[in-house]
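A.B. asks: after the sequence you'll find the predicted model.
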Number of protein chains: 2
Amino acid sequence: MKLEEALKQKKPFESEIQKLLININFTSSWFNALFLQTLKPFDITPAQFNVLRILKGAYPESYCNQQITERMVDRSSNSTRIVDKLLKKKLIVRKEHKADRRLVDIKITPLGLDLLQQIEVSAPMKKMKVAQFNAEKAKLMNEWLDEMRM
Amino acid sequence: MKLEEALKQKKPFESEIQKLLININFTSSWFNALFLQTLKPFDITPAQFNVLRILKGAYPESYCNQQITERMVDRSSNSTRIVDKLLKKKLIVRKEHKADRRLVDIKITPLGLDLLQQIEVSAPMKKMKVAQFNAEKAKLMNEWLDEMRM
DNA sequence: TCCTATTAGTTGTATGTACAATTAATGTAT
DNA sequence: ATACATTAATTGTACATACAACTAATAGGA
């Protein structure tokens, strides 16, 4: 659906670039709402899911808080608190870093890996990924989005 | 900067489409952080700015709450509370709708229009809009983002 | 008309975000 | 070694978001 229709705009946008900035935010918000619903049956938020996937990337090693933050899609949220929630659900474990006692090592548990697996094979998740979208277009868009953040 | 670098990923993404979904969210979050900073000197949030612009679109008429919500870029936020904040700053006025007393008419004030004008001519705002990005690419991306939300 | 359903807006609450302040550990210069 | 700056993580707080519950007004059918 055209953005002007979705936002019920009478007038066209000032420029394609202005429209693009709004379109990216609108699409992101739209996608996040969908993602939130998809993850709801698994009792996990998109931010928690993102941290679990990051820790899966480190497995069987661990990451400290700072390394997690650097890899989060949305850096505005507080990794300490996200990690707290995951800890309560036993999806991760924490232990003190040997060499530098300021750091905390955080590692995904088998239970956490299991949950990720369950989510990824679930029907709604597969549906989100397919998204009926041409891979060639996706590749170009990825290049251009990367250019935009400069 | 490439998304893989930005997120310090060791492995490439599973597919261009999966990467695109993450790229849109990451770019949106990146842009929002910038936008938040840009608006800070004017003591207004992106959500409040968005509602003001919507009401400028209606001016000199008004919109009721529902019409505002339909036009918001991020529909997850609660328009009543955003409107409350704008009211405290006297950037808008509220009055009861004549025909249907469930509705509330909301209209931007001259003070609100002034603030929008100030923001739009400000240096940081102009900088955000330019974004050194090719208009032809922007147009294609807009078409493709619109296709994605289906 | 009366009853019920629907609609618009507001409010309550748990969780999340933005940002500053704090605590504790380490690095570095003298 | 001591003092000071820097770094990593945590905590406090005001505000925002997600979502359900609530209030009040209107619409529509028997």
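C.D. replies: In hand now; what should we look at? Numbering: from 1, shown residues only, chains lettered A, B, ... in the order given.
A.B. asks: C-terminal to the helix-or-strand element of chain A with minimal mean pLDDT, what's the next element?
C.D. replies: Least confident helix or strand, chain A: helix A:123-130 with a mean of 68, by mean pLDDT, DSSP states H and E. Per DSSP states H and E, the first helix or strand lying C-terminal to helix A:123-130 is helix A:135-148.
A.B. asks: that next one close to chain B?
C.D. replies: Yes. Helix A:135-148 is in contact with chain B by CB under 8 Å from any CB of the partner chain, via A:135, A:137, A:138, A:139, A:140, A:141, A:142, A:144, A:145, A:146, A:147, A:148. Just so you know, the C-beta spots here come from the backbone N, C-alpha and C atoms, and that holds for glycine as well.
A.B. asks: if you rank the residues you listed by neighbours, which is first?
C.D. replies: The residue in these with the most neighbours, by other CB atoms under 10 Å in any protein chain shown, is residue A:141 (24 neighbours).
A.B. asks: residues contacting it?
C.D. replies: Contacts here follow CB atoms under 8 Å, 6 or more residues apart in numbering or on different chains; on that basis residue A:141 touches B:20, B:23, B:141, B:144.
A.B. asks: now do the same contact list for the first one.
C.D. replies: Residues near residue B:20 by CB under 8 Å, 6+ apart: A:133, A:138, A:141, A:142, A:145.
A.B. asks: if we go to 10 Å?
C.D. replies: Residue B:20 makes contact with A:131, A:133, A:135, A:137-142, A:145, B:3, B:13, B:144-145, B:148, according to CB atoms under 10 Å, 6 or more residues apart in numbering or on different chains.
A.B. asks: as a check, name the ranges of all helices in chain A.
C.D. replies: With DSSP state H as the criterion, chain A has helices at A:3-6, A:16-39, A:46-58, A:65-71, A:79-88, A:110-121, A:123-130, A:135-148.
A.B. asks: report the buried residues of the fifth one.
C.D. replies: Spelled out, that is helix A:79-88. A:79, A:82, A:83, A:86 (16 or more other CB atoms under 10 Å in any protein chain shown).
A.B. asks: quick check, pLDDT for the last one.
C.D. replies: The confidence metric pLDDT takes the value 92 at residue A:86.
A.B. asks: if you skip the residues just before and after it, what's nearest to it?
C.D. replies: Nearest residue to residue A:86, sequence neighbours excluded (CB to CB, 6 or more residues apart in numbering or on different chains): residue A:92, at 4.6 Å.
A.B. asks: run through the bridge partners of the one you found.
C.D. replies: Residue A:92 forms beta bridges with residue A:108, as assigned by DSSP bridges.
A.B. asks: so how many other residues sit close to it?
C.D. replies: Based on other CB under 10 Å, the number of other residues close to residue A:92 is 23.
A.B. asks: quick one: contacts for the residue in chain A that DNA strand C sits nearest to?
C.D. replies: Residue nearest to DNA strand C within chain A: residue A:76 (1.7 Å; CB to the nearest atom of the strand). Contacts for residue A:76 were tallied using CB under 10 Å, 6+ apart; they are A:47, B:29, B:32, B:33, B:36.
A.B. asks: now do residue A:39
C.D. replies: Here residue A:39 is in contact with A:45, A:46, A:48, A:49, A:119, A:122, A:124, A:125 (CB under 10 Å, 6+ apart).
A.B. asks: Throw those into JSON lines and include neighbour count and distance to residue B:107, thanks.
C.D. replies: What follows is the contacts of residue A:39, written out as JSON lines (neighbours: other CB atoms under 10 Å in any protein chain shown; distance: CB to CB, whole Å):
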{"residue": "A:45", "neighbour count": "16", "distance to residue B:107": "37"}
{"residue": "A:46", "neighbour count": "17", "distance to residue B:107": "36"}
{"residue": "A:48", "neighbour count": "21", "distance to residue B:107": "41"}
{"residue": "A:49", "neighbour count": "19", "distance to residue B:107": "42"}
{"residue": "A:119", "neighbour count": "18", "distance to residue B:107": "46"}
{"residue": "A:122", "neighbour count": "15", "distance to residue B:107": "47"}
{"residue": "A:124", "neighbour count": "15", "distance to residue B:107": "42"}
{"residue": "A:125", "neighbour count": "15", "distance to residue B:107": "44"}
